[in-house]
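[1] Need a 3D model of the sequence below.
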Amino acid sequence: MKRPAPRSIRLLRVVSIVVSLISLLLISSVVYSAYADYRALTDQIGGSGAGRATLGAVQEGQSVLVTLNATVPNSGLYAIVVTMSCTGNPNLVQCDPARVTVPPGQVSRLTFHLTILNIAEYMAEPVHEINGTLFVDLVPFSSLSVGFDLGALVDQAVRQ
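    From the prediction side, this is the model:
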């Protein structure tokens, strides 16, 4: 005749099942939130209308202030932190990083500023290498970093 398992073993089995279920729910919610945020951000970038990012340039003497305004939606279950920064020739370009924290279910505005210090020197350069970086952090679980050519966007704004 088989003896029943000790009480501590049965309790450990129950605890392991509960921990497994909680882990599954947590992982599912993170995956769902990441997918919802990804969809909302890509719809924003690829969409049209009032929510789309705008780029403008204002000349102030020899310098030009380039401003990028973007609406950042958060359709997920966790807060996201969006940071935009850039690097370029420090003698020609000065970048002011922008950062915004967006709570779940809300929309925030991200405003990024880039200053061209001397427009005449900038326009004399044949190639404008300004590398932009966009960081999206799904707090506290994961993050995504996307690099892009900001020089082409700046050239488009300056030439308008």
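[2] burial count for N118?
    N118 is flanked by 15 other residues according to other CB atoms under 10 Å. All C-beta atoms are positioned from the backbone trio N, CA, C, and that covers glycine.
[3] again but with V58, I slipped
    Counted by other CB under 10 Å, the residues lying close to V58 total 10.
[4] Would you verify that Y78 is located in a helix?
    No - counting by DSSP: H, G, I helix; E, B strand; the rest coil, Y78 falls outside a helix, being coil.
[5] In this structure it contacts L138, no?
    Yes - here Y78 lies in contact with L138, judged by CB atoms under 8 Å, at a distance of 5.8 Å.
[6] anything in contact with each of those two?
    Common contact partners of Y78 and L138 (CB atoms under 8 Å, 6 or more residues apart in numbering): V30, S33.
[7] list the contacts for the most centrally placed residue in the chain?
    When the chain is reduced to its mean C-alpha position, the closest residue under CA atoms, centre = their mean turns out to be V136, at 3.0 Å. Contact partners of V136, counting by CB under 8 Å, 6+ apart, are D37, L41, I80, V81, V82, S143, L144, S145, V146.
[8] could those residues be laid out in TSV, adding pLDDT and neighbour count?
    TSV is the format used below for the contacts of V136 (pLDDT from 0 to 100; neighbours: other CB atoms under 10 Å):
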residue	pLDDT	neighbour count
D37	79	24
L41	71	20
I80	89	26
V81	92	15
V82	90	20
S143	80	13
L144	79	14
S145	84	10
V146	82	10
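[9] hmm, back to that, name the strands paired with whichever strand or helix holds the residue nearest to the centre of the chain and say parallel or antiparallel.
    Element membership of V136, judged by DSSP states H and E, is strand 131-138. Within its sheet, and counting by DSSP bridges, strand 131-138 is paired with strand 80-87 (antiparallel), strand 142-149 (antiparallel).
[10] I'd guess S28 is in a helix, am I close?
    Yes - the assignment for S28 (three-state DSSP) places it in a helix.
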